[in-house]
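S.K.: Here is the input, now give the coordinates:
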Amino acid sequence: RAVQLLTESKRDSGEADFVIQDAGWIGGQHRMTRPLSNDLRERVVVAIAAGESCRTVAARFGIAVSSAVKWSQRYRASGSVAPGKMGGHRKRVLEPHRAFIVERINQTPHLSLHRLKDELAARGVKVSHDTVWQFLRREGLRFKKNSVGP
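M.R.: Predicted structure coming up:
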């Protein structure tokens with residue numbers, strides 16, 4: 001047991017290649033947590049409006065000071081403490097060109113994604129092949145490039 005603790009101690013101190021933070025770390029983007037309840041937000045805003053400082057209110061309710069400040073600002077600006085939209089605020093680049101894409105697929109069922117991407121680029125819409133694929137998938141537009149016959 002003592003040898004095991006010594007070995008673990010060396011690993012933790014950086015003397016070995018293994019570091020605690022590496023254990024089980026997959027990386028990539030992590031999901032955000034959900035917003036705190038509107039009830040809590042309202043209680044925080046009411047306490048701040050009653051004259052308490054943001055720091056004392058944050059400590060009392062166990063939230064970050066920045067959250068108390070932002071919720072108070074949001075309430076003064078909009079009259080609501082409800083959280084804003086979370087996540088993808090990405091606009092759909094190919095949505096205005098849906099009619100063109102559908103027409104091209106109907107005219108040429110064997111059209112490849114790369115060819116469709118090139119035709120869109122000729123119209124001034126520069127997107128990746130993955131963007132075209134995701135658009136087709138999301139819109140339910142399917143076509144077969146090759147049909148396998150007997």
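
S.K.: Would you mind putting the CA coordinates of the helix or strand harbouring Gln73 into PDB?
M.R.: Here Gln73 is covered by helix 65-78, with elements defined by DSSP states H and E. In PDB, the C-alpha atoms belonging to helix 65-78 read as follows (Å, rounded to 0.1, in the frame of the first residue of the first chain):
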ATOM      1  CA  VAL A  65     -22.100  38.100  -8.100                       C
ATOM      2  CA  SER A  66     -22.100  38.400 -11.900                       C
ATOM      3  CA  SER A  67     -25.400  36.500 -12.100                       C
ATOM      4  CA  ALA A  68     -27.000  38.800  -9.600                       C
ATOM      5  CA  VAL A  69     -25.800  41.900 -11.500                       C
ATOM      6  CA  LYS A  70     -26.900  40.600 -14.900                       C
ATOM      7  CA  TRP A  71     -30.300  39.500 -13.600                       C
ATOM      8  CA  SER A  72     -30.800  42.900 -12.100                       C
ATOM      9  CA  GLN A  73     -29.800  44.600 -15.300                       C
ATOM     10  CA  ARG A  74     -32.000  42.400 -17.400                       C
ATOM     11  CA  TYR A  75     -35.000  43.200 -15.100                       C
ATOM     12  CA  ARG A  76     -34.400  46.900 -15.300                       C
ATOM     13  CA  ALA A  77     -34.000  46.800 -19.100                       C
ATOM     14  CA  SER A  78     -36.800  44.400 -20.000                       C
END
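
S.K.: Neighbours of Gln107, how many?
M.R.: Gln107 has 8 neighbouring residues, counting by other CB atoms under 10 Å. Placement of C-beta: from N, CA and C, glycine included.

S.K.: now do the one 4 residues further on
M.R.: Taking other CB under 10 Å as the criterion, the count of residues near Leu111 is 16.
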